[in-house]
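Trainee: What shape does this take:
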Amino acid sequence: MSRIGRMPINVPAGVEVALKEGNNITVKGPKGTLNRKLVDDMNIAIDGAVITVTRPSELKRHKALHGLTRTLINNMIIGVTEGYSKTLEINGVGYRAAKSGNKLTLSLGYSHPVEMTDPEGITSTLDGQTKITITGIDKERVGQYAAEIRAKRPPEPYKGKGVKYSNEIIRRKAGKAGKK
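Mentor: You can find the predicted model right below:
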């Protein structure tokens, strides 16, 4: 049995969970509302303030989906109560970020500034010119937008220049060996 999948999900006060036909789940909380279509195979039961996910058989596919389905529902509940955030750091001489409205402008050593627009439901804030914090209620979309920003100039291993997650460790390499 899946260790993650068999754990019950506790629904906190102030959060409404509605399960519709075809495993369409809606979670409404203080920060917003999230909808998601989950796999039809899984059995989802809402009993008061506890949600349990069970699998119909021991097929490999059902075993794989068991923990995933439970985690997706739990992430939705955490998202509408606390929200999610990712922090990015920009390292490098002349590398900086600027924000105007919902447009994020990155100067990353290219001949042109890189402009990105915040997706709906996601906000990016700047702390100085080198720290970007992305927040939202959908864990998947927050992570995707952070990954898109990082992909504009990933950190390189020689000087560590580029955009990196704040908790990311860059493995540094030695440069060219000098003449002796």
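
Trainee: and the longest helix for the chain?
Mentor: helix 60-81 (DSSP state H).

Trainee: and the helix or strand just after that one, what does it pack onto?
Mentor: Downstream of helix 60-81, the next assigned helix or strand under DSSP states H and E is strand 84-91. If you count contacts as 3 or more C-beta pairs under 8 Å, 6 or more residues apart in numbering; DSSP states H and E, strand 84-91 packs onto strand 131-136, helix 139-151, strand 162-165. Any C-beta I mention is one placed from the backbone N, CA and C, and that applies to glycine too.

Trainee: of the ones you listed, which approaches Ile25 most closely?
Mentor: helix 139-151 (14.4 Å; C-beta to C-beta).

Trainee: what does that closest one contact?
Mentor: Contact with helix 139-151 is made by 75, 78-79, 84-86, 88, 104, 106, 116, 118-119, 121-122, 124, 132, 134-136, 163-165, as judged by C-beta atoms under 8 Å, 6 or more residues apart in numbering.

Trainee: What subset of the residues you listed is buried?
Mentor: Among these, those scoring as buried are 75, 78-79, 84, 86, 88, 104, 106, 116, 118-119, 122, 124, 132, 134-136, 163-164 (criterion: 16 or more other C-beta atoms under 10 Å).

Trainee: pretty sure Arg36 is in contact with Leu19, am I right?
Mentor: No - taking C-beta atoms under 8 Å as the definition, Arg36 is not a contact partner of Leu19, at 10.9 Å.

Trainee: so what sits against both of those two?
Mentor: Counting by C-beta under 8 Å, 6+ apart, the residues touching both Arg36 and Leu19 are Ile25.

Trainee: Cool, thanks, signing off.
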